[in-house]
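Visitor: need a 3D model of the sequence below.
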Amino acid sequence: MRLAKKRRWNTIEEKRIQQEIDLQVYINRLVEQDKTRKIESLMENMTVEESQQQEEIDTIENEHQKKIAQINGIFAQIDDRRKKRDVPDVLCGKISFELMREPVITPCGITYDKQGIEEHLQRVGHFDPVTRSELTQEQLIPNLAMKEVIDQFLEENPWAEDY
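Guide: As a prediction, the model looks like this:
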């Protein structure tokens with residue numbers, strides 16, 4: 001189940017990365033088309049001297065080079081986001097395979113998401129799904145250290161809310 005969820009997430013991620021790349025290419029192409037249109041318009045207007053016309057063409061080309069550099073600079077800043085994003089397995093519940101929201105620890109030392117383990121205890125029985133030892137809801141203790149790690153991870157990776 002975890003592998004299937006990861007494959008689905010990776011497919012979505014690859015699509016997102018490709019869309020960002022396509023957007024950058026599209027914007028650069030629009031800037032180039034704008035430059036070409038302005039130069040062609042200037043060439044049609046032959047009322048100015050050739051030296052002045054070349055000066056204006058150089059100005060247009062310089063402006064558009066700056067625009068392209070700005071656009072590529074912006075995309076370079078978000079380039080870290082283009083790297084594949086992944087939630088570490090240790091932050092995911094052993095029952096739901098989703099990012100834990102409220103981690104709790106059992107007497108055996110295994111951390112689960114509170115909702116997942118409580119649901120397991122009610123539906124399946126009063127035992128730890130990994131160790132098969134007896135377990136009740138009263139024995140579940142909030143895992144504050146894990147909660148802090150998860151909160152920090154979410155703060156640094158807001159995209160993980162959708163994971």
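Visitor: contact partners for the residue nearest to residue 61 when sequence neighbours are not counted?
Guide: Spatial nearest neighbour of residue 61, excluding adjacent residues (Cβ to Cβ, 6 or more residues apart in numbering): residue 35 at 6.6 Å. C-beta: built from backbone N, CA, C; applies to glycine. Listed by Cβ atoms under 8 Å, 6 or more residues apart in numbering, the contact set of residue 35 reads 60, 61, 64.
Visitor: show me which of those are buried.
Guide: Buried positions within the contacts of residue 35, assessed by neighbour count (16 or more other Cβ atoms under 10 Å), are 60, 64.
Visitor: returning to that earlier point: please tell me how far the residue nearest to residue 61 sits from residue 86.
Guide: Distance of residue 35 to residue 86, computed by Cβ to Cβ, to the nearest Å: 40 Å.
Visitor: equivalent analysis for residue 28, please.
Guide: 29 Å.
Visitor: what do you get for residue 33?
Guide: Residue 33 is 38 Å from residue 86, by Cβ to Cβ.
Visitor: among these two, which residue is more densely surrounded?
Guide: residue 86 (13 against 10; other Cβ atoms under 10 Å).
Visitor: tell me if the more buried one really is in a helix.
Guide: No: counting by DSSP: H, G, I helix; E, B strand; the rest coil, residue 86 is not found in a helix; it is coil.
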